[in-house]
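Visitor: Quick check, what structure comes out for this input:
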Amino acid sequence: MKAEVQATLVDGRQRFVVTWFRRSSPGAKLALAFDDYLENGHLIIEAKLTVAKPARYHLQGGLVSTNGTFISWAQRAKVISTPGTHVMKLRFFGLTFRDAGIPGLYILKYITLAETGVRPVKQGNVYFDAYKTKAYTLDQFSTQLDPDPALDRTIRQAKGLVPN
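Guide: Numbers count the residues shown, from 1 in each chain. So this is what the prediction gives:
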């Protein structure tokens, strides 16, 4: 499956990315039940999963405005050790909403769940227009740079600053 994303950077430069997803059958599925809220000025979207097989799962998705303008992308990985219903959270940084200058409602696009503890990765369905968030004003979002702690640790590991 093919996904195309176009973005305008703060300095006005355009970026266009095309990527392909391999679809298969991971040991968990998106239940297509979502909720959203703000946490410290960042938008959190919770996605319910139905897990049949314990494994490491990777959730990713993008947000667009109601007129289709790309706002932000988020991803999260989690090891789930028991079958049943679980929740994974995507964290969209508040500053990206302020930079875009577009208040919400926002639409969750291109959300997909993959089982990543196997080779090849088992990529599930990609859902378009999966969820519409509550309305938010720009002043509800953080103005601070707030790096993802997991991403920060990965970068520091890559630089050899902390042990794997």
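
Visitor: Start and end of stretch 89-107, how far apart?
Guide: End-to-end distance of stretch 89-107 (CA to CA, to the nearest Å): 16 Å.

Visitor: Can you show me the strands along the protein?
Guide: Assigned strands in the chain, in chain order: 2-8, 14-20, 28-39, 42-51, 55-65, 70-80, 84-92, 106-115, 122-127, 131-132 (criterion: DSSP state E).

Visitor: Among the ones you listed, which comes closest to residue 159?
Guide: Nearest to residue 159, of all the strands of the chain, is strand 70-80, at 20.1 Å by CB to CB. Every C-beta, even on glycine, is put in place using the N, C-alpha and C of the backbone.

Visitor: Taking strand 84-92 as reference, get the angle to that closest one.
Guide: Interaxial angle, strand 70-80 versus strand 84-92 (axes from the mean of the first three to the mean of the last three CA atoms, to 10 degrees): 140 degrees.

Visitor: in strand 70-80, what counts as buried?
Guide: For strand 70-80, the buried set under the neighbour-count rule, 16 or more other CB atoms under 10 Å, comprises 70, 71, 72, 73, 74, 75, 76, 78, 80.

Visitor: Find me the pLDDT at the second one, would you?
Guide: Which is residue 71. Per-residue pLDDT puts residue 71 at 92.

Visitor: 11 is where my numbering starts, stick with that
Guide: From this message on, residue numbering opens at 11, which makes the last subject residue 81.

Visitor: That one - nearest residue in space that isn't next to it in sequence?
Guide: residue 73 (4.5 Å; CB to CB, 6 or more residues apart in numbering).

Visitor: Neighbours of the one you found, how many?
Guide: Residue crowding around residue 73 was assessed by other CB atoms under 10 Å; the count is 27.

Visitor: Would you agree it is in contact with residue 118?
Guide: Yes - look at residue 73 against residue 118 with CB atoms under 8 Å: they come within range, at 6.1 Å.

Visitor: hang on, the earlier thing: just put the buried residues of strand 80-90 in JSON lines and tack on distance to residue 110.
Guide: What follows is the buried residues of strand 80-90, written out as JSON lines (distance: CB to CB, whole Å):
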{"residue": "80", "distance to residue 110": "8"}
{"residue": "81", "distance to residue 110": "5"}
{"residue": "82", "distance to residue 110": "8"}
{"residue": "83", "distance to residue 110": "12"}
{"residue": "84", "distance to residue 110": "14"}
{"residue": "85", "distance to residue 110": "19"}
{"residue": "86", "distance to residue 110": "21"}
{"residue": "88", "distance to residue 110": "27"}
{"residue": "90", "distance to residue 110": "32"}
